[in-house]
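Peer 1: pasting the structure only:
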């Protein structure tokens, strides 16, 4: 659980479907460019869950560019209460998901060290300095109006 109505995970297997069902999800934010597997798509259709796909390449280091625009678009979906409860996932729930959640935390006014601590807890030995750099430089000002705390 990231926040009320926002969850994160690695790629859901069939064995996870029963648990996912219990979350009463409205949406899934999928951060990989690969097509969504048929069994997963069927599960979504059966349970009225909408898929929002933002294809971010899972590059190894050196990380060329995390597409700022895709992270922004994904954040808009995540922050829209009409899409919640929702699950954010990529392949392993570390880098792409970690970057998206990190940018969400910046919007929530978390300090950078807390953002990095959370990222590292999931990425562990696989942490990427480029991901951290991306989160550090990510400009949240254009998205501030989307957060509940903003008046």
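Peer 2: Received, thanks. Remember, predicted model here, so these are calculated numbers, not experimental data. Residues are numbered from 1 along each chain as shown.
Peer 1: buried stuff in stretch 88-104?
Peer 2: Residues 88-90, 92-104 are the ones in stretch 88-104 that count as buried (16 or more other Cβ atoms under 10 Å). Just so you know, the C-beta spots here come from the backbone N, C-alpha and C atoms, and that holds for glycine as well.
Peer 1: who does the host helix or strand of residue 96 touch, helix- and strand-wise?
Peer 2: Taking DSSP states H and E as the definition, one finds residue 96 inside helix 95-107. Packing contacts for helix 95-107, counted by 3 or more Cβ pairs under 8 Å, 6 or more residues apart in numbering; DSSP states H and E, involve strand 6-9, helix 68-79, strand 86-89, helix 112-123, helix 129-137.
Peer 1: List the contacts of that helix.
Peer 2: The set of residues external to helix 95-107 that reach it, using Cβ atoms under 8 Å, 6 or more residues apart in numbering, is 2-3, 6, 8-9, 29, 31-32, 56, 58, 66, 71, 74-75, 78-79, 88-90, 112, 114-116, 118-119, 122-123, 126, 128, 131, 134-135, 138, 140, 143-144, 146-147.
Peer 1: cool, stretch 69-77 as well?
Peer 2: Residues outside stretch 69-77 that contact it (Cβ under 8 Å, 6+ apart): 27, 29, 31, 52, 54-56, 83, 86, 88, 99-100, 103-104, 107, 138, 142-143, 146.
Peer 1: per-residue confidence averaged over it?
Peer 2: In this model, stretch 69-77 has a mean pLDDT of 91.
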